[in-house]
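In: predicted model follows, preceded by the sequence.
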Amino acid sequence: MAELSSIWIYGVLLVFSVLLHPGGSFYLPGSYPYKYSVGELLSVKVNSLTSIETEMPFSYYSLPFCTPGEGVKDSAENLGELLMGDRIETSPYRFKMFTNESDILLCRTDPLNAESLSLLKKRIDEMYQVNLILDNLPAIRYTKKDEFMLRWTGYPVGIRVGDSYYLFNHLKFTVLVHKYEETNVARVMGTGDAVDVIPTLDKAGSGPPGYMVVGFEVVPCSFQHDAESVKDAKMYSQYPAKIQCDPTTVAMVVKENQPLVFTYEVSFVESDIKWPSRWDAYLKMEGAKVHWFSILNSLMVIAFLAGIVLVIFLRTVRRDLTRYEELDKEAQAQMNEELSGWKLVVGDVFRAPTNPSLLCIMVGDGVQILGMAVVTILFAALGFMSPASRGTLITGMLFFYLVLGIAAGYVAVRLWKTLRCGDHSGWVSVSWRVACFFPGIAFLILTTLNFLLWGSQSTGAIPIYLFIILLLLWFCISVPLTLIGGFFGARAAHIEYPVRTNQIPREIPPQKYPSWLLVLGAGTLPFGTLFIELFFIMSSLWMGRVYYVFGFLFIVLILLVIVCAEVSLVLTYMHLCVEDWRWWWKAFFSSGSVAIYIFLYSANYLVFDLKSLSGPVSATLYLGYSLLMVLAIMFATGTVGFMSSFWFVHYLFSSVKLD
């Protein structure tokens, strides 16, 4: 049995090592510097064309751009990149380390036909950006506005002026390099363009000078080339005339039956930027100071509110218990006859809720989602999933979600056994439904959205082979682990109730106000803990900004868990005080209702912040992904509320003896 377990674990690790590194070489992108010798070849890669107008990525080569002479090759590094819609491919742009070049001809395309011209104009209207990558660094563009320097990743395909469309066909590259510092006995080279060897270190100063890439800047220009003069010229040959790159003027008008000419120039500048700091330019986007100030302010306010709720709640319950326990037995018996409130529902408080299996399933899935979020954000805060490691955040989330299936099965089946007072029959069915409930919903939503992306020929569409991989991961890893967790949950001892449940349910007195209205309104306080952080997360997902303050996000997540627990405790106590013993589902949704406000916020963000989003397909994609996000949040926060309320009710009724 132990040998089979070892083989199975080894197989899982092998599958993930292949998925994380399909190229065969094991490295974390962006983790190690690579020393380039003077004159060594640097290859630029291209990513998908992106636009905040449509939120649908398209392949770089869907437009009439120059292609490499040896053909286009994929350069994806992990599963997360594919799920995010990234399609990294080779490009014809080639540099030589520390060798300045100008007026380099890239290619002359065939004359534009009506279809290509129409697509090019459409992409310009939709404000699509070209994304280039050198040594794992995206190309960055600087623009000046009102004496402020703005930073952008990528550059626009073109620009429309009046009725004319202009193409940016000349690129002025600036590569910032830092002299390689020999500080270790051996050096590790392992970025995307590095060879899979570890060379031995020469004596200090004996080897040729080497440089590391620490910056990659681009200035796009629209230059009117003479297409006839380069009709027979080869790629990388010298353009016959001097090219003046002026980003403030445009000249290259795209017309039907007219070929396009692409050129570029590159200059290398030695910089004081250290290699570990080369991502600072990308992380210091506009509004960073407001971001930090807003998060700190939110944390202080929410911590203060949470403290007040906790103090009031503890004082109320403690005073109630102390008052009762100070009475003698006769006074307690007399008080029991006159009491109203939570002490009167002692015989019904642990009565099984309606749809107990569904509650167990949702709690199990909530444990899995919450555990995935905590572990992923913690690893990201520790620097294992930095923006330099493109796609590893999504890959890590998927990995942790699959592995935590064992916790989901255990919690769901043990809760099922507790609700049935020790009878674990049907645990296999519960485990299966835990393994298929939320993933099934996610699969349904993603499949529907994928058909829309396929119809639009977007690179955001998940390929068929990737669908098969995800299904194999689901049924070969997640489902077996959930069943194993359910097996251990069935063997574990159920939680004993401190009081007995009456055979006849107690009648619930009429309520002055609808209890569910209070439950739905309770989500406002948890929403207050994360709505500021939510803005930056949404901006990162939909506005192309880089999100990197995972330390703050981890603190916000912990505060959210605390506030969800407190809100659920308060509402459960309030319901018991009015003799409403049906607290199970209300405890779940009192904190899970935060998802309603997040979805409303998402709709508000769509209307006011993404108002330029064009087309029903883009809006449907946005709402579909938002729905999947809020369902996951509802399961996670609802589980926190339910488990804290269950612990509280169990503790409350085991702390006092009632006859």
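Out: On my side now, so go ahead. Numbers count the residues shown, from 1 in each chain.
In: where are the low-confidence patches of the stretch 501-650 of the chain?
Out: Across the stretch 501-650 of the chain, residues meeting the criterion (pLDDT under 70) sit at 614.
In: skip ahead from the host helix or strand of T395 and say which helix or strand is next.
Out: Here T395, judged by DSSP states H and E, is contained in helix 392-403. On the C-terminal side of helix 392-403, the nearest following helix or strand under DSSP H and E is helix 405-419.
In: all helices of the stretch 451-600 of the chain, in order?
Out: If DSSP state H, counting those that start in this stretch is used as the criterion, the helices of the stretch 451-600 of the chain fall at 464-473, 479-491, 515-521, 524-542, 550-577, 584-592, 594-608.
In: closest to L299 out of those helices?
Out: With CB to CB as the measure, helix 550-577 is the member of those nearest L299 (6.2 Å). Every C-beta, even on glycine, is put in place using the N, C-alpha and C of the backbone.
In: for that closest one, packing partners?
Out: Identification of packing neighbours for helix 550-577 by 3 or more CB pairs under 8 Å, 6 or more residues apart in numbering; DSSP states H and E yields helix 288-325, helix 356-381, helix 515-521, helix 524-542, helix 584-592, helix 616-654.
In: can you say which of those helices is nearest to T143?
Out: For T143, the closest of these is helix 288-325, at 17.2 Å, according to CB to CB.
In: outside of stretch 529-544 itself, list whatever touches it.
Out: With contacts defined as CB atoms under 8 Å, 6 or more residues apart in numbering, stretch 529-544 is touched by 50, 52, 55, 129, 153, 291, 294-295, 297-298, 302, 545-547, 549, 552-553, 556, 559-560, 563, 597-598, 601-602, 605, 609-610, 622, 625.
In: report the buried residues of it.
Out: Neighbour-count burial for stretch 529-544 flags 529-530, 532-534, 536, 538-539, 541-542, 544 (criterion: 16 or more other CB atoms under 10 Å).
In: stretch 438-451 now?
Out: Within stretch 438-451, the residues that qualify as buried by neighbour count (16+ other CB under 10 Å) are 438-439, 441-443, 446, 449-450.
In: now those residues in JSON lines, with distance to C245?
Out: Output for the buried residues of stretch 438-451, formatted as JSON lines (distance: CB to CB, whole Å):
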{"residue": "F438", "distance to C245": "52"}
{"residue": "P439", "distance to C245": "51"}
{"residue": "I441", "distance to C245": "51"}
{"residue": "A442", "distance to C245": "47"}
{"residue": "F443", "distance to C245": "49"}
{"residue": "L446", "distance to C245": "43"}
{"residue": "L449", "distance to C245": "41"}
{"residue": "N450", "distance to C245": "41"}
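In: and the helix or strand containing I104, what other elements does it pack with?
Out: Secondary-structure assignment from DSSP H and E places I104 in strand 101-108. Under the contact criterion of 3+ CB pairs under 8 Å, 6+ apart, strand 101-108 touches strand 89-96, strand 261-270.
In: cutoff 7 Å now
Out: strand 261-270 (3 or more CB pairs under 7 Å, 6 or more residues apart in numbering; DSSP states H and E).
In: give me the residues contacting the strand it packs on.
Out: Residues outside strand 261-270 that contact it (CB atoms under 7 Å, 6 or more residues apart in numbering): 66, 93, 95, 98, 100-108, 169-177, 179, 225, 227, 230, 239, 243.
In: narrow those to just the buried residues.
Out: Among the contacts of strand 261-270, those buried by neighbour count (16+ other CB under 10 Å) are 66, 93, 95, 98, 101, 104-108, 169-177, 225, 230, 239, 243.
In: surely P498 touches H650?
Out: Yes. The criterion here is CB atoms under 7 Å, and P498 meets it with H650 at 6.5 Å.
In: check contacts around the residue lying closest to L132 once chain neighbours are set aside.
Out: In this structure, L132 finds its nearest non-sequential neighbour in A139, 4.0 Å apart by CB to CB, 6 or more residues apart in numbering. Applying CB under 7 Å, 6+ apart, we find A139 in contact with 132, 153-154, 216-218.
In: just these now: which is nearest A114?
Out: Each of these was checked against A114 using CB to CB; the closest is G154, at 27.5 Å.
In: re the thing from before, tell me which of the helices and strands packed on helix 550-577 sits nearest to A408.
Out: Distance to A408, taken as CB to CB, is lowest for helix 356-381 among these, at 3.8 Å.
In: for that closest one, packing partners?
Out: Here helix 356-381 touches helix 392-403, helix 405-419, helix 427-455, helix 550-577, helix 584-592, helix 616-654, going by 3+ CB pairs under 7 Å, 6+ apart.
In: 6 Å - rerun?
Out: With contacts defined as 3 or more CB pairs under 6 Å, 6 or more residues apart in numbering; DSSP states H and E, the secondary structure elements packing on helix 356-381 are helix 392-403, helix 405-419, helix 427-455, helix 550-577, helix 616-654.
In: so where is the stretch 251-400 of the chain shaky, pLDDT-wise?
Out: When residues are selected by pLDDT under 70, those of the stretch 251-400 of the chain lie in 284-295, 297-298, 301, 305, 308-309, 312-313, 315-341.
In: closest to D146 out of the buried residues of stretch 438-451?
Out: When the buried residues of stretch 438-451 are compared for distance to D146, the smallest value, 38.8 Å, is given by L449; criterion: CB to CB.
In: skipping adjacent residues, who's closest to the closest one in space?
Out: Using CB to CB, 6+ apart and skipping the chain neighbours, the partner closest in space to L449 is G624 (4.6 Å).
In: these two touch, right, S37 and M212?
Out: No. When contacts are counted by CB atoms under 6 Å, S37 is not listed as touching M212 (11.5 Å).
In: what about the longest strand in this structure?
Out: Within the chain, and with DSSP state E defining each element, the longest strand by residue count is strand 210-221.
In: could you give the angle of that one to strand 89-96?
Out: With axes from the mean of the first three to the mean of the last three CA atoms, to 10 degrees as the basis, strand 210-221 and strand 89-96 are set at 110 degrees to each other.
In: now strand 210-221: average pLDDT?
Out: Summarised as a single mean, pLDDT over strand 210-221 is 94.
In: that strand vs strand 261-270, what angle?
Out: Angle, strand 210-221 to strand 261-270, by the same axes, to 10 degrees: 140 degrees.
In: give the buried residues for strand 210-221.
Out: When neighbours are counted by 16+ other CB under 10 Å, the buried residues of strand 210-221 are found to be 210-221.
In: how about the residues you listed in CSV, adding distance to A306?
Out: Listed next are those as CSV, based on distance: CB to CB, whole Å:
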residue, distance to A306
G210, 53
Y211, 51
M212, 46
V213, 46
V214, 43
G215, 43
F216, 44
E217, 45
V218, 47
V219, 49
P220, 49
C221, 54
